[in-house]
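Colleague: Build me a model:
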Amino acid sequence: MDLIRKLFEAVIWLGFFATVFFAYYYYLKFRNSEKMLLIEKGTDISEVYKKREVHFPWFILGYTILGCSLGFALGLAIFLYLKQTQANFHSDILPFLSLPLMFLFGAIGLIAGNNIERKKRQ
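Modeller: Numbers count the residues shown, from 1 in each chain. The predicted model follows:
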């Protein structure tokens, strides 16, 4: 039984690596045939395959993370304040208090980051 299981695992791994290999092989084959067709047509392939500028939205990501952390900190501060001031305060309220504040401030940060990105692009 153990031999059959090991053989089955080996076949699965072999199939996985064969799939990855053939996918890459056919990708290269297709790319080469596409280039050959473009050369036969007389098209300048340097314009087709030129590098595009990749732009990652750092402001959006940063402001969203900043907003989420501020929302969590505000929820924690409210929780600690309520715990000190009220004697019969339940401790189960922290997730219900901090999670909506995290989403609210994260959304505000997302909007602010998007506005800054838009102004930077113009």
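Colleague: Show me the strands in this structure, by range?
Modeller: Read by DSSP state E, the chain holds no strands at all.
Colleague: got the domain boundaries for it?
Modeller: 2-48, 58-121 (automatic domain parsing).
Colleague: Can you tell me which of those is most buried?
Modeller: domain 58-121 (a mean of 15; mean count of other C-beta atoms under 10 Å). The C-beta positions use only the backbone N, C-alpha and C, and glycine is treated the same way.
Colleague: so can I have a markdown table of the domains of the chain showing mean pLDDT?
Modeller: Compiled in a markdown table, the domains of the chain are given as follows (pLDDT from 0 to 100):
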| stretch | mean pLDDT |
| --- | --- |
| domain 2-48 | 89 |
| domain 58-121 | 86 |
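Colleague: Please, where are all the helices along the protein?
Modeller: According to DSSP state H, the chain carries its helices in the segments 2-41, 45-48, 58-85, 94-121.
Colleague: and the second one, how far out from the chain's middle?
Modeller: Computed by C-alpha atoms, centre = their mean, to the nearest Å, the separation of helix 45-48 from the middle of its chain amounts to 30 Å.
Colleague: Kindly report the same for stretch 67-84.
Modeller: Mean-position distance between stretch 67-84 and its chain equals 27 Å (C-alpha atoms, centre = their mean).
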